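Undergrad: show me how the following folds:
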Amino acid sequence: MADTLTKTPTLTAAAAARVAWIADKQSKPAILRLSVEGGGCSGFQYKFEMADAPEGDDTVSETDGVKLLVDPVSLDLLQGSLVDYVENLGGAAFRVENPNAAAGCGCGSSFGI
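TA: The predicted structure is shown next:
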């Protein structure tokens with residue numbers, strides 16, 4: 001049986017640092033909510049938003065004092081994912097390395113199963 005802790009989506013140190021920076025600028029707690037919605041060019045798309053607190057059924061992981069929240073419906077599609085923050089010539093964005101995605105789009109914001 002797989003260890004559920006290894007399947008919980010997590011933040012990299014770079015993503016945690018960026019969430020902490022955003023939270024500080026917005027005077028909010030350092031909590032990022034990641035969810036999955038239908039749409040995007042590959043079938044599903046990632047949605048990121050700052051949150052004030054976890055909801056009762058959220059899965060919560062913590063990196064460097066920053067919390068990542070995932071709702072139960074999205075969790076099935078995000079098991080084992082790693083959320084990173086990358087900056088390059090094309091811009092800066094949160095990126096999800098999702099082992100469940102069979103296909104993705106060029107921009108990295110949508111995926112298919």
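
Undergrad: for residue 72, what are its contacts?
TA: Residues counted as contacts of residue 72 (CB atoms under 8 Å, 6 or more residues apart in numbering) are 57, 58, 59. C-beta coordinates here come from the backbone N, C-alpha and C atoms, glycine included.

Undergrad: would you format those residues as CSV with neighbour count and secondary structure included?
TA: Converted to CSV, the contacts of residue 72 look like this (neighbours: other CB atoms under 10 Å; DSSP: H, G, I helix; E, B strand; the rest coil):
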residue, neighbour count, secondary structure
57, 9, coil
58, 18, coil
59, 19, strand
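
Undergrad: can I get those residues in TSV including distance to residue 38 and pLDDT?
TA: Output for those, formatted as TSV (distance: CB to CB, whole Å; pLDDT from 0 to 100):
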residue	distance to residue 38	pLDDT
57	20	95
58	20	96
59	20	95
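
Undergrad: ok, so of the residues you listed, who is nearest residue 31?
TA: Minimum separation from residue 31 among the contacts of residue 72 (CB to CB) is found for residue 58, which lies at 9.8 Å.

Undergrad: thought that closest one was touching residue 68?
TA: No: counting by CB atoms under 8 Å, residue 58 does not reach residue 68; the two are 9.5 Å apart.

Undergrad: give me the common contacts of those two.
TA: When CB under 8 Å, 6+ apart defines a contact, the residues bordering residue 58 and residue 68 alike are residue 33.

Undergrad: name the helix or strand of this protein that has the lowest mean pLDDT.
TA: Every helix and strand of the chain was ranked by mean pLDDT, DSSP states H and E. The lowest is strand 110-112, at a mean of 49.

Undergrad: okay, which residue is most central for the chain?
TA: The geometric centre of the chain, computed from its C-alpha atoms, lies nearest to residue 34 (CA atoms, centre = their mean), at 4.2 Å.

Undergrad: quick one, phi/psi of that one?
TA: Backbone torsions of residue 34, given as degrees, to the nearest 10, read phi -110, psi 130.

Undergrad: quick one, helices of the protein?
TA: Along the chain, the stretches classed as helices by DSSP state H are 4-7, 13-26, 72-78.
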